[in-house]
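1. here is a sequence with its predicted model. Questions after.
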Amino acid sequence: GLPARVRIHEVGPRDGLQNEKATVPTEVKAEFIRRLADAGLTTIEATSFVHPKWVPQLADAEALFPLVADLPVALPVLVPNERGLERALSLSADRVAVFASATESFAKANLNRTVDEALAIFDPVVRRAKDAGVHVRGYLSMCFGDPWEGPVPVAQVVRVCRALLDMGCDELSLGDTIGVATPGHVRQLLSELDAAGVPTGAVGVHFHDTYGQALANTLAALEHGVTTVDASAGGLGGCPYAKSATGNLATEDLVWMLRGLGIDTGVDLARLVATSEWMAGQLGRPSPSRTLRALSHK
Ligand code: HMG
Ligand code: MG
């Protein structure tokens, strides 16, 4: 059966805006996050404490975070290493995410490290975060296909998932960074994770919509018992270090499907659409979300 409720992990302000050519003013980002909270999203990934030269779009993390920190929602932030964790902790962030890769090519491109070097860097980050009472999400990119290596063996994904859980991550997010997954592959990966002792309750899914498969993949994951789904308002996003990555599953498209299935999300779709339309205006380009276009008043 399907779950009664799904928690949407909104990634627009981070995964969305990290990929925009234009630099969005800090106050506009803060307004975006406030409006998303007002639309009923309860987990909103706010920014990343990464190297500002690697992701200049999020170089204003120190200025942005205090502007939204008082909102009554969870505001996870990405940290790639101890330096990132220190920056986040100094602003009293209480949720962080480390981000691993299932493939060597992407570990190198995204973190300038091998898969195992990156895991070794995350280990003390997760330990220090847990000691400080901070919730830790472990992202795993390239769980299905990789732009340099092609299809990714499930065993590679299982190995890194286990490593992330063993170091103390509270939850995982399985990334289809370049959007090549199809529902059968999703079922197979989730079954093999089950068999390897990775509890479905600890697993979220993170689909990019490059091939238009994100909703079908999400449904396959829900049927398997997954209840945390990542999405990006207006379908913003991609990854600057993965060629051919497009936007994430649009939050509007996800909410439309879940509403039709009678699954509760707490999101007010009209307010969300208005927020993404406003953001599209700020960015000067239309949203790729089909639901947003269908419900748009313009
Ligand atoms: P590096 O160049 O190897 O860094 O980059 P380093 O450790 O050698 O340090 C070099 C310098 O950077 C030092 O300064 C450090 O202090 C500084 P210097 O001594 O030369 O003056 N530094 C930092 N400064 C600020 N904040 C920090 C930090 N760390 C080091 N945190 C590094 C390694 C990890 C830093 C770099 O590769 C990086 O920042 N990468 C981030 C890439 C990124 O953000 N990618 C997008 C997010 S992942 C994603 O989108 C996928 C996801 O959505 C899931 C999916 O779709 O699959 C999550
Ligand atoms: Mg992503």
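-> Arrived safely, thanks for sending. Ligands and ions are numbered 1, 2, ... in the order given.
2. only C-alpha atoms from now on, for both contacts and neighbour counts.
-> Will do.
3. so what sits opposite Ser151 in the bridge?
-> Careful, residue 151 is Pro and not Ser. With DSSP bridges as the criterion, Pro151 is bridged to Gly145.
4. roughly how far apart are it and Ala102?
-> Here Pro151 is placed at a distance of 11 Å from Ala102 (C-alpha to C-alpha, to the nearest Å).
5. where in the stretch 1-150 of the chain is pLDDT low?
-> Under the criterion pLDDT under 70, no range of the stretch 1-150 of the chain is flagged.
6. what are the boundaries of the helices in it?
-> Assigned helices in the stretch 1-150 of the chain, in chain order: 26-38, 61-68, 82-90, 104-111, 115-131 (criterion: DSSP state H, counting those that start in this stretch).
7. and the longest one, what's buried?
-> Residues of helix 115-131 classed as buried under the neighbour-count rule (16 or more other C-alpha atoms under 10 Å) are Val115, Ala118, Leu119, Phe122, Asp123, Val125, Val126, Arg127, Ala129, Lys130.
8. before we move on, what about the first one?
-> Using 16+ other C-alpha under 10 Å as the burial criterion, the residues of helix 26-38 that qualify are Thr26, Lys29, Ala30, Phe32, Ile33, Arg34, Arg35, Leu36, Ala37, Asp38.
9. swap in the third one?
-> Residues of helix 82-90 classed as buried under the neighbour-count rule (16+ other C-alpha under 10 Å) are Glu82, Gly84, Leu85, Glu86, Arg87, Ala88, Leu89.
10. returning to that earlier point: closest one to ligand 1 out of the buried residues of helix 115-131, please.
-> Ala118 (8.4 Å; C-alpha to the nearest ligand atom).
11. more neighbours: which of Pro151 and Ala102?
-> Neighbour tally, Pro151 and Ala102, criterion other C-alpha atoms under 10 Å: the higher count belongs to Ala102, 27 against 14.
12. done for today, thanks.
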